[in-house]
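K.L.:
okay, here's the prediction I keep looking at, along with the sequence it came from:
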Amino acid sequence: MAHLSFPDLLALVPQAPDWRLDWGGIQALWPELQALDACPQDPIHHGEGDVGIHTCMVLEALIADPDWRALPGAERELLFWAAVLHDVGKPGTTVTEDGRIKAPGHSRRGSLMARRLLREVEVPFAWREALCGIISYHQVPFWLIERDDPAREAIKLSWRCRPDLLCLHARADARGRIAQDVPGIVTNTDLARETFVEEGCLTAPFGFANDESRVAFFEREDRDPHFAAWEDPRCTVTLLSGLPGSGKDTWIAAHMPDHPVVSLDALRDEMGVSPTANQGAVIDAARERAKVHLRAGRDFVWNATNVSRQVRAKPLSLARAYGARVEIVYLEVPPKRLGRQNRDREAVVPQTVLDTLVRKLEPPEAWEAHKIHYVLPEAATAAPA
């Protein structure tokens with residue numbers, strides 16, 4: 001569809017009184033959805049057939065669910081589109097091993113793909129990220145109750161997505177299959193929901209005593225979620241995150257002009273390393289400069305793209321090792337504006353590099369640091385705190 005917009009997506013959400021599903025119209029939106037029809041699934045767990053058939057059945061199960069119909073309109077829309085896109089990562093991850101069809105890592109791959117597709121449509125940031133959270137963890141309610149410490153897993157998950165919506169999706173996901181284990185999976189999902197209820201985090205993140213208590217809980221498996229940690233940081237490290245051209249340098253100049261900056265771009269220029277070359281030496285140099293500030297207990301800024309959780313984890317872990325408070329500033333602009341601002345940069349990032357970073361994009365989540373500051377386009381709503 002040319003010029004696809006957010007209202008176009010919402011117009012495809014079934015409405016009362018007939019709750020009609022236009023699966024053909026939905027699949028026509030993106031080749032990624034059309035590819036679902038050619039993706040096989042293991043017949044033991046998916047006797048219904050390919051991923052396209054399964055996704056349609058999940059949607060039918062969802063819109064027939066009285067609990068989904070009773071949701072406020074915005075939550076109905078969010079959950080419907082999470083169901084549309086929940087298995088979009090399967091075609092790229094499906095393999096056959098020992099005669100069995102599997103799709104390892106399809107949840108995370110699907111969330112990255114959904115973010116890319118919805119970013120191009122310029123849907124509101126908070127709506128998009130809430131949807132991607134459900135996709136990332138959409139299978140967790142199937143087995144949460146079987147984990148060694150389901151309460152701990154539930155608390156963590158409450159900071160990554162809306163548990164009540166996640167469980168509602170999981171129930172539809174289970175019912176949208178033909179398999180002998182469907183009743184057991186539905187029961188497990190109901191028990192997972194009760195776990196969230198017991199921990200007081202069914203509809204909102206678990207309430208920690210303070211920011212340090214939350215960060216420490218996610219760092220250490222033996223941390224009591226009810227423990228109130230002492231907050232006395234040696235310094236504050238502000239980590240910038242955003243695609244090239246999103247305005248990180250401009251933000252620093254406007255908001256932290258007097259702070260020392262560890263900049264990977266500046267180090268690349270200083271060391272003569274291309275953005276497309278191996279970045280190991282640049283990152284090592286950045287860590288050494290960061291350590292100088294950390295040893296001195298001095299506030300500073302770490303300026304790099306930091307677009308994935310895995311990449312952010314390394315500088316954040318370094319800062320935490322020195323007792324620092326960590327804050328993340330995430331900047332995002334619409335795709336067309338991003339391309340324009342990248343072209344206007346003194347050091348233009350090659351389009352191939354930018355495209356790779358877009359595919360890896362994972363905006364920071366609230367559990368990753370003491371504080372996240374979201375600098376978003378004017379049309380986007382603020383992200384959940």
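P.N.:
In hand now; what should we look at?
K.L.:
ok, R177 touching C56?
P.N.:
No: if you go by Cβ atoms under 8 Å, R177 and C56 don't touch, sitting 11.8 Å apart. Where you see a C-beta, it was placed from the backbone N, CA and C, and this is true even at glycine.
K.L.:
spatially, what comes nearest to E122 if we skip its sequence neighbours?
P.N.:
P334 (5.5 Å; Cβ to Cβ, 6 or more residues apart in numbering).
K.L.:
so the one you found versus E365, what's the distance?
P.N.:
Distance of P334 to E365, given as Cβ to Cβ, to the nearest Å: 21 Å.
K.L.:
tell me the contacts of T238?
P.N.:
256, 259, 299-302, 327-329 (Cβ atoms under 8 Å, 6 or more residues apart in numbering).
K.L.:
tell me which of those fall in strands.
P.N.:
300-302, 327-329 (DSSP state E).
K.L.:
which of those residues sit farthest apart?
P.N.:
Of all pairs drawn from the ones in strands among the contacts of T238, the greatest distance, 14.0 Å, lies between F300 and I328 (Cβ to Cβ).
K.L.:
which secondary structure element of the protein has the lowest mean pLDDT?
P.N.:
helix 335-343 (a mean of 87; mean pLDDT, DSSP states H and E).
K.L.:
residues making contact with the helix or strand just after it?
P.N.:
As assigned by DSSP states H and E, the chain's next helix or strand after helix 335-343 is helix 351-360. Contacts with helix 351-360, where a contact means Cβ under 8 Å, 6+ apart, come from 112, 116, 119, 243-245, 275-276, 305, 307-308, 339, 342.
K.L.:
and of those, the nearest to G47?
P.N.:
Using Cβ to Cβ, the contacts of helix 351-360 come closest to G47 at L112, 28.8 Å.
K.L.:
now the closest one: how far from R289?
P.N.:
Applying Cβ to Cβ to L112 and R289 gives a distance of 31 Å.
K.L.:
what about those two, which has more around it?
P.N.:
More crowded of L112 and R289, by other Cβ atoms under 10 Å: L112, with 21 against 17.
K.L.:
on the three-state scheme, the more buried one is what?
P.N.:
helix (DSSP: H, G, I helix; E, B strand; the rest coil).
K.L.:
and stretch 30-44, how far out from the chain's middle?
P.N.:
23 Å (Cα atoms, centre = their mean, to the nearest Å).
K.L.:
actually stretch 331-347, sorry about that
P.N.:
For stretch 331-347, the distance to the chain centre is 22 Å (Cα atoms, centre = their mean).
K.L.:
name the nearest residue to V186, ignoring sequence neighbours.
P.N.:
A174 (5.0 Å).
K.L.:
measure that neighbour to T236 for me?
P.N.:
Distance from A174 to T236, by Cβ to Cβ: 45 Å.
K.L.:
now do A35
P.N.:
Taking Cβ to Cβ, one finds A35 at 45 Å from T236.
K.L.:
and if you look at S317?
P.N.:
16 Å.
K.L.:
more neighbours, those two?
P.N.:
Just comparing S317 and T236: by other Cβ under 10 Å the higher neighbour count belongs to T236, 17 against 11.
K.L.:
pull the contacting residues for the more buried one.
P.N.:
299, 324-327.
K.L.:
cool, and E32?
P.N.:
Contacts of E32 by Cβ under 8 Å, 6+ apart are 88, 91, 113, 117.
K.L.:
within the helices and strands, which one has the second one?
P.N.:
Same thing as P91. Applying DSSP H and E, one finds P91 in no helix or strand.
K.L.:
run through the residues that contact it.
P.N.:
32, 35-36, 38-39, 51.
K.L.:
quick check: buried residues in stretch 344-359?
P.N.:
349, 353-354, 357-358 (16 or more other Cβ atoms under 10 Å).
K.L.:
okay, the residues you listed in a markdown table with pLDDT and distance to V140 next?
P.N.:
Supplementary listing: these in a markdown table, determined by pLDDT from 0 to 100; distance: Cβ to Cβ, whole Å:
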| residue | pLDDT | distance to V140 |
| --- | --- | --- |
| V349 | 82 | 35 |
| V353 | 86 | 33 |
| L354 | 90 | 32 |
| L357 | 93 | 27 |
| V358 | 95 | 26 |
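K.L.:
any chance of these in JSON lines, with distance to D211 too?
P.N.:
Converted to JSON lines, these look like this (distance: Cβ to Cβ, whole Å):
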{"residue": "V349", "distance to D211": "33"}
{"residue": "V353", "distance to D211": "34"}
{"residue": "L354", "distance to D211": "33"}
{"residue": "L357", "distance to D211": "29"}
{"residue": "V358", "distance to D211": "30"}
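K.L.:
so which of those residues is the closest to W127?
P.N.:
V358 (18.8 Å).
K.L.:
brilliant, that's me finished.
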